[in-house]
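J.: could you look at this predicted model? Sequence included:
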Amino acid sequence: MSADLTRKEFLQWLGLSSAAFVLPGLAAESSQWQQGDLVHILPTVNHQRFLIKTSFKKPQQQAPRLRVGNDIFGSDIVAGTMKDTAGRFWAFEVKRLKPATEYQLQILDHQLNPQTDCWPLKTFPAPNASPQRLRILSYTCAGGNEEVIEADGVAHAIPLAHRQELLQRALAEKPDLLIANGDHVYWDERTMSKYKPQSVIDAYQRAFDKHGQMQRQEPILGHNNETILTGIVDQQIAHLYGVMLRSTPVFMLTDDHDLFDNDEAKKEYITLPPDSHMLEAARTVQSLYYPEYLPYQTQPGDLPGSGGKYRSDDLSETFGTVRYGNLFEAVLYDTKRYVSIDGEQGKMVPDSVEAWLAKRTKSDDSTHFVHIPSTPIAWSAGKWGEWYPDLLDAKTGKLSLQKQKPHWPSGWWDQHQRILAMLGQQKKRIPIILSGDLHMSSAAKISESGDLNFVKNPIHAIVVGTLGSGAAAYPSRARGVLPQVPSQMQAEEYVRPVEKNGFTIIDINADSMNFNMYTWRSPELFTAIANLRPAYVFSLSEANK
């Protein structure tokens, strides 16, 4: 285990132990977990490490400490690493832990005085272990400023209180981990301030006037940009989650809005690939607020976005692995950060990432294996940054290929086909894709895609539900069309697109993956959230694939 406790500090800590140490379980008995000046905690884990991101109400003049251990003599003290320039944001990395082991954690100040109650966090089983079950919570689009409301009263994001209540309802199901698929922040600096209908421009301008606009040519940390950025993101991440996920490992996949713009291409501008300001904004937010991906031996350490000045050498910003023993493995991949738009050579992910996806998909060392891209597969809303060339036909209200999608590179479709082909070639596992981005809940069984035929081994595509979207964000309003199966694909929708807020609980055992989709949308009563029952239930197994 990683420790930063000197002998002098240890003796000092023993003298304070009656105040600083809380026996496991005592904090759980309290009706209110004491968080002191802590604003938020977001942890991630693998089978031998913790990575925890935190923020405080006030700057900490010296590094806070994290106590890790289950008794006074078996604990280590780990010093935090400051991530901002003011001292509000601190990360804790804990290494050399035991697999499948619960540890009691507690934040102390630099003098080893307790700042919070204890809380538990558990490592995952070793990669070759055989756990019997796993429960996953997943959703997309949790971000958004609730103050961005158009003149007609239509909001771009639901209130934080509604998102928090949905999250509390989800956590009542006691998931083992959380996968939040993209769009943790909505603050589109260019596309919402110049190129949208005036009602949208006005709504965002009011928010820009309140929080300020970053200077794109200046650095973020150590500049006024830092204050502006944290003022924006505190509301959308730190205040949303608070400390409620302190015992739930999170895997937060990034997408286009996390780059502080929408994925759009017009005559006036193309937002992707991201420019240096977009990359710095996205990387700073991740460095401050939520954990990067921890390494696994099956994931190359030199994939794009690994290491660098924002993170430890073996952490990854955009491509990650979730491995839970030999029961479950998922590959997570951001399809916007390293996108290329060079016509037939265009790709959503670089060649090295595609090679990693192919190798892991071909492997058979886990019972279940899932792809989790940030751009949905099996649905289109006619927007530019999709795998598909479809555009909305205003006359028919349907997606079609009658007109060419401007600036759309055909290489995206080619890579899409290669990814589906590798999924369809699996012989021992059901091919499954979990996606986000589109503001909806849906599920479909793909039987054909272009010249690929999957009738004998259909691919299941699922969009896991949107936690934070307001009415203005739903495709039927923002795009003028409900998402549809693309023109070049044949798929049976067993959950047709549902434009409601919600989340999905996925129960995994050796024989099946079982899905429970929860949905809610105002004007349904806020009080109904606490008692939500699944709106859609289905199971994927060899028997019913």
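T.: Looks like it came in fine. Since we're looking at a predicted model, the values are computed, not measured.
J.: buried sites along stretch 53-70?
T.: Buried residues in stretch 53-70, defined by neighbour count with 16 or more other CB atoms under 10 Å: 53-56, 60, 63-69. From N, CA and C alone the C-beta is placed, and that goes for glycine too.
J.: contact partners for Asn181?
T.: Remark: with contacts taken as CB atoms under 8 Å, 6 or more residues apart in numbering, Asn181 is in contact with 138-140, 253, 255, 372, 374, 434-437, 464.
J.: mind putting the buried residues of stretch 53-70 into CSV with secondary structure?
T.: Rendered in CSV, the data for the buried residues of stretch 53-70 read as follows (DSSP: H, G, I helix; E, B strand; the rest coil):
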residue, secondary structure
Lys53, strand
Thr54, strand
Ser55, strand
Phe56, strand
Gln60, coil
Ala63, coil
Pro64, coil
Arg65, strand
Leu66, strand
Arg67, strand
Val68, strand
Gly69, coil
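J.: looking at the residues you listed, spot the one nearest Asp351.
T.: In terms of CB to CB, no member of these lies closer to Asp351 than Lys53, at 30.9 Å.
J.: was I right to think that closest one contacts Phe89?
T.: Yes: under the criterion of CB atoms under 8 Å, Lys53 is in contact with Phe89, at a separation of 7.4 Å.
J.: which residues do those two both contact?
T.: Residues touching both Lys53 and Phe89 comprise 83, 288-289, with contact defined as CB under 8 Å, 6+ apart.
J.: now the buried residues of stretch 53-70 as CSV including pLDDT and distance to Gly153?
T.: Conversion of the buried residues of stretch 53-70 to CSV gives the following (pLDDT from 0 to 100; distance: CB to CB, whole Å):
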residue, pLDDT, distance to Gly153
Lys53, 98, 35
Thr54, 98, 36
Ser55, 98, 32
Phe56, 98, 36
Gln60, 96, 41
Ala63, 97, 46
Pro64, 98, 43
Arg65, 98, 48
Leu66, 98, 45
Arg67, 97, 48
Val68, 96, 48
Gly69, 90, 52
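J.: need the max-distance pair from those residues.
T.: The widest separation within the buried residues of stretch 53-70, taken as CB to CB, falls between Ser55 and Gly69 and amounts to 23.9 Å.
J.: ok, then the element right after the lowest-mean-pLDDT helix or strand in the chain?
T.: Between all helices and strands in the chain, the lowest mean by mean pLDDT, DSSP states H and E belongs to helix 26-29, at a mean of 38. Sequence-wise, the next helix or strand beyond helix 26-29 is strand 38-45, with elements assigned using DSSP states H and E.
J.: and the contacts of that next one?
T.: Contacts with strand 38-45, where a contact means CB under 8 Å, 6+ apart, come from 50-57, 88, 107, 115-116, 121-124, 234, 237-239, 241-243, 245-252, 289-294.
J.: weed out the non-buried ones from those.
T.: Among the contacts of strand 38-45, those that count as buried by neighbour count (16+ other CB under 10 Å) are 50-56, 88, 107, 115-116, 121-124, 234, 237-238, 241-243, 245-252, 289-294.
J.: rebuild the contacts of Asn181 as a markdown table, extending it with pLDDT, neighbour count and distance to Gln164.
T.: Conversion of the contacts of Asn181 to a markdown table gives the following (pLDDT from 0 to 100; neighbours: other CB atoms under 10 Å; distance: CB to CB, whole Å):
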| residue | pLDDT | neighbour count | distance to Gln164 |
| --- | --- | --- | --- |
| Ser138 | 98 | 28 | 17 |
| Tyr139 | 98 | 26 | 13 |
| Thr140 | 98 | 32 | 17 |
| Leu253 | 98 | 28 | 21 |
| Asp255 | 97 | 25 | 22 |
| Ile372 | 98 | 22 | 24 |
| Ser374 | 97 | 26 | 24 |
| Leu434 | 98 | 27 | 23 |
| Ser435 | 96 | 25 | 24 |
| Gly436 | 95 | 28 | 19 |
| Asp437 | 94 | 28 | 22 |
| Val464 | 98 | 30 | 18 |
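J.: now those residues in JSON lines, with secondary structure and distance to Gly411?
T.: Output for the contacts of Asn181, formatted as JSON lines (DSSP: H, G, I helix; E, B strand; the rest coil; distance: CB to CB, whole Å):
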{"residue": "Ser138", "secondary structure": "strand", "distance to Gly411": "29"}
{"residue": "Tyr139", "secondary structure": "strand", "distance to Gly411": "30"}
{"residue": "Thr140", "secondary structure": "strand", "distance to Gly411": "25"}
{"residue": "Leu253", "secondary structure": "strand", "distance to Gly411": "22"}
{"residue": "Asp255", "secondary structure": "coil", "distance to Gly411": "19"}
{"residue": "Ile372", "secondary structure": "strand", "distance to Gly411": "22"}
{"residue": "Ser374", "secondary structure": "coil", "distance to Gly411": "18"}
{"residue": "Leu434", "secondary structure": "strand", "distance to Gly411": "24"}
{"residue": "Ser435", "secondary structure": "strand", "distance to Gly411": "20"}
{"residue": "Gly436", "secondary structure": "coil", "distance to Gly411": "23"}
{"residue": "Asp437", "secondary structure": "coil", "distance to Gly411": "20"}
{"residue": "Val464", "secondary structure": "strand", "distance to Gly411": "27"}
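J.: pairing partners for the closest residue to Ile462 other than its chain neighbours in the sheet, please.
T.: If the residues on either side of it in the chain are set aside, Ile462 comes closest to Ala443, at 4.7 Å by CB to CB, 6 or more residues apart in numbering. Counting by DSSP bridges, Ala443 forms beta bridges with Ile462, Val495.
J.: I figured Ala443 hits Ala535, correct?
T.: No: the pair formed by Ala443 and Ala535 falls short of the contact definition of CB under 8 Å, at 11.8 Å.
J.: which one of the two is surrounded by more residues?
T.: For Ala443 against Ala535, the residue with the higher neighbour count under other CB atoms under 10 Å is Ala443, and the figures read 24 against 16.
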